[in-house]
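Engineer: Below are the sequence and a predicted model for it; my questions follow.
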Amino acid sequence: MSTIAFIGLGNMGSPMAQNLLASGFNVQVFDLDVNAAKQLEPFGAIVAQSLEEVVDGASTVITMLPTGIHVRSVYLGDLHGGVGVLNLVSEKTLLIDCSTVDPDSARLVANEAANKHLLFVDSPVSGGVAGANAATLTFIVGGTDEAFSKANAILRYMGKNVFHAGKAGDGQMAKICNNLMLGILMSGTCEALNLGIDHGLDPKVLSNIMLQSSGRNWALELYNPCPGVMDNAPASNQYQPGFMSKLMLKDLGLGLDAALQTHSSVPMGSLARNLYAFHNASGNADLDFSSLFEFYKHQEG
């Protein structure tokens, strides 16, 4: 099997790298948190001490990073003279960025990669930590047909759905639209459940009614935000683990930034962002984003 360099080993990156190792790939890993990288050694990963070392001999580089700033720094080099991945790999190396960032960062890296005859795709994911662990993620890919074809062959080992959204940056834009809708849906689900509870309804009964009615949605079906309704949801485990509220706020912010560029109207997205901003400011940033339910519980109309 070929050698893959994996950079960024957080809650998502680590299990994704584990799935590649389990599939027989040679995986070289790097993270600024050395302990995060060393946790993969028992699975067969080779721990690198630098970007130069992690990409050495790799035909594919995968990144899973927090923000566009980190993506630009890793691929293009930072303001302190650090050399970026684009200057460390050979021609035709496949570069897959699985971070969720602004489309402009993805397009910038893609253009620079093309100038160096490298294959780059932006490939943000949907499915959360559970999907990363189970290798059932959805990958939303932006890039050329050639780059997508080669990326698809690798991504299949970490997920079950791979979509080609279009050109460079389109993967990010599609993911941003999805998470804008997700934030709105979760806000509405929390609001409706809280209203019913305030009027004496059993949240389990109400959830079942809505699941069989026109209010059915992903949050009700797989991720109920009310504690005790769904045993395997973060809400029933003190909102741990999951997709942190601060990350939902980040993604909603990306949605609003994108809307400003095209003068698109996103009033519901704006309200959802404000709700998460208030919720996070109250000390809930590291809780799962479904913990917005608790925000509603403590509000009075």
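Structural biologist: Nice, I can see it.
Engineer: Name the helix or strand of the protein that has the lowest mean pLDDT.
Structural biologist: Lowest by mean pLDDT, DSSP states H and E among the helices and strands of the chain is helix 128-134, with a mean of 92.
Engineer: which parts of it are buried?
Structural biologist: Across helix 128-134, burial judged by 16 or more other CB atoms under 10 Å covers 128-133. The C-beta positions use only the backbone N, C-alpha and C, and glycine is treated the same way.
Engineer: Pull the distance from that helix to the chain's centre.
Structural biologist: Per CA atoms, centre = their mean, to the nearest Å, the displacement of helix 128-134 from the mean C-alpha position of its chain is 11 Å.
Engineer: any idea which helix or strand comes after that helix?
Structural biologist: For helix 128-134, the following helix or strand on the C-terminal side (DSSP states H and E) is strand 137-142.
Engineer: for the record, mean pLDDT for that following strand?
Structural biologist: Mean pLDDT, strand 137-142: 99.
Engineer: OK, contacts around Ala110?
Structural biologist: 120-122, 142-143, 168-169 (CB atoms under 8 Å, 6 or more residues apart in numbering).
Engineer: what's the lengthiest strand in the chain packed up against?
Structural biologist: The single longest strand within the chain, with elements called by DSSP state E, is strand 159-166. With contacts taken as 3 or more CB pairs under 8 Å, 6 or more residues apart in numbering; DSSP states H and E, strand 159-166 sits against strand 137-142, helix 145-155, helix 170-198.
Engineer: buried sites along that strand?
Structural biologist: 159, 162-165.
Engineer: neighbouring contacts of that strand?
Structural biologist: Applying CB under 8 Å, 6+ apart, the set of residues contacting strand 159-166 from outside is 125, 127, 131, 135-143, 145, 148, 151-152, 155-156, 171, 173-174.
Engineer: tilt between it and helix 145-155?
Structural biologist: Interaxial angle, strand 159-166 versus helix 145-155 (axes from the mean of the first three to the mean of the last three CA atoms, to 10 degrees): 170 degrees.
Engineer: Output strand 159-166 in PDB with nothing but the alpha carbons.
Structural biologist: Extracted C-alpha coordinates of strand 159-166, given in PDB (Å, rounded to 0.1, in the frame of the first residue of the first chain):
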ATOM      1  CA  GLY A 159     -16.200   7.100   4.700                       C
ATOM      2  CA  LYS A 160     -19.200   5.700   2.800                       C
ATOM      3  CA  ASN A 161     -20.300   8.800   0.700                       C
ATOM      4  CA  VAL A 162     -18.000  10.900  -1.500                       C
ATOM      5  CA  PHE A 163     -19.600  13.700  -3.500                       C
ATOM      6  CA  HIS A 164     -17.900  15.900  -6.100                       C
ATOM      7  CA  ALA A 165     -19.400  19.300  -5.400                       C
ATOM      8  CA  GLY A 166     -17.600  21.000  -8.300                       C
END
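Engineer: now, which of the buried residues of helix 128-134 sits nearest His70?
Structural biologist: Using CB to CB, Ala132 comes nearest to His70 of those, at 18.4 Å.
Engineer: I'd say the closest one and Phe139 touch.
Structural biologist: No: in this structure Ala132 lies outside contact range of Phe139 using CB atoms under 8 Å: 11.3 Å.
Engineer: any shared contact partners between those two?
Structural biologist: With CB under 8 Å, 6+ apart applied, the overlap between the contact sets of Ala132 and Phe139 consists of 125, 158.
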